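**Student:** need coordinates for the following:
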Amino acid sequence: MPILALVRHGQSLWNLENRFTGFVDVPLTEQGRAEARKAADSLQDVKFDVAYTSALTRAQQTLAILLETLKQTPPVIRDAALNERHYGDLQGLNKADAAKEFGEQQVHIWRRSYDVPPPNGESLEMTAKRVLPFFDRAIAGDLRQGKNVLVVAHGNSNRSLVMRLDKLSGETVVGLELATGVPLVYEIGADGQVVSKRG
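**Tutor:** This is a model prediction of the structure:
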């Protein structure tokens with residue numbers, strides 16, 4: 001049965017600085033690079049036929065380190081459909097400073113509700129509306145062909161995929177925390193349903 005492995009990129013510079021990153025292109029920290037190498041350790045038993053990543057450097061760097069550590073060279077497809085959620089006017093702000101500026105409760109709503117976007121940004125629902133059609137069009141097609149697929153993306157784009165795979169509601173998925181550099185590994189049946197999950 002084909003394997004789908006989802007990995008959130010390793011720690012980025014703005015993760016470290018507790019800033020809203022979204023579409024801003026920031027690199028990995030040294031810890032983020034180490035997390036990418038560690039992610040490879042738990043994927044040693046899988047030979048990947050294709051890899052997907054976003055248009056953002058932190059995900060691409062994580063994927064490159066991961067594949068180098070695994071000594072694998074599958075074709076890599078980059079697509080902005082897998083980009084992190086766009087945080088709009090919050091991008092670049094320190095999360096504590098944003099809470100002072102807009103109020104803690106308001107920032108919590110923007111961060112943790114399913115369908116309320118920050119000003120000029122995307123909600124998780126809006127993010128899922130670009131991630132899931134891409135999954136159906138590209139990634140699910142590879143899985144149907146029996147290919148093992150590696151996806152290295154972001155907290156919210158991966159959250160959208162987990163919502164579909166684990167059949168979570170919008171209200172449930174917002175509470176889901178995905179650690180940086182920790183793979184979720186799914187075994188996918190011929191019907192496209194999840195047979196097993198680890199990680």
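
**Student:** only C-alpha atoms from now on, for both contacts and neighbour counts.
**Tutor:** Will do.

**Student:** for the most centrally placed residue in the chain, give me phi and psi.
**Tutor:** The residue lying closest to the centre of the chain (C-alpha atoms, centre = their mean) is His154, at 2.7 Å. His154 adopts backbone torsions of phi -130, psi 170, taken as degrees, to the nearest 10.

**Student:** so who does it touch?
**Tutor:** His154 is in contact with Val7, Arg8, His9, Ala59, Leu82, Asn83, Glu84, counting by C-alpha atoms under 8 Å, 6 or more residues apart in numbering.

**Student:** can you do 7 Å?
**Tutor:** Arg8, His9, Asn83, Glu84 (C-alpha atoms under 7 Å, 6 or more residues apart in numbering).

**Student:** most neighbours among those, which one is it?
**Tutor:** Greatest neighbour count in the contacts of His154, by other C-alpha atoms under 10 Å, goes to His9: 30 neighbours.

**Student:** so who does that one touch?
**Tutor:** Shown in contact with His9 (C-alpha under 7 Å, 6+ apart): Arg58, Ala59, Thr62, Val152, Ala153, His154, Thr180, Gly181.

**Student:** returning to what we had before: inside strands: which ones of the contacts of His154?
**Tutor:** Residues of the contacts of His154 located in strands (DSSP state E): Arg8.

**Student:** how much space between Ile109 and Ala99?
**Tutor:** Using C-alpha to C-alpha, to the nearest Å, we find Ile109 at a distance of 11 Å from Ala99.

**Student:** hmm, I typed the wrong one, I wanted Ser157.
**Tutor:** From Ser157 to Ala99 the distance is 24 Å (C-alpha to C-alpha).

**Student:** repeat for Ser113
**Tutor:** For Ser113 relative to Ala99 (C-alpha to C-alpha), the value is 16 Å.

**Student:** before we move on, what about Leu82?
**Tutor:** Shown here: Leu82 relative to Ala99, a distance of 27 Å by C-alpha to C-alpha.

**Student:** which of these two has more neighbours?
**Tutor:** Taking other C-alpha under 10 Å, Leu82 and Ala99 do not tie; Leu82 has more neighbours (29 against 15).
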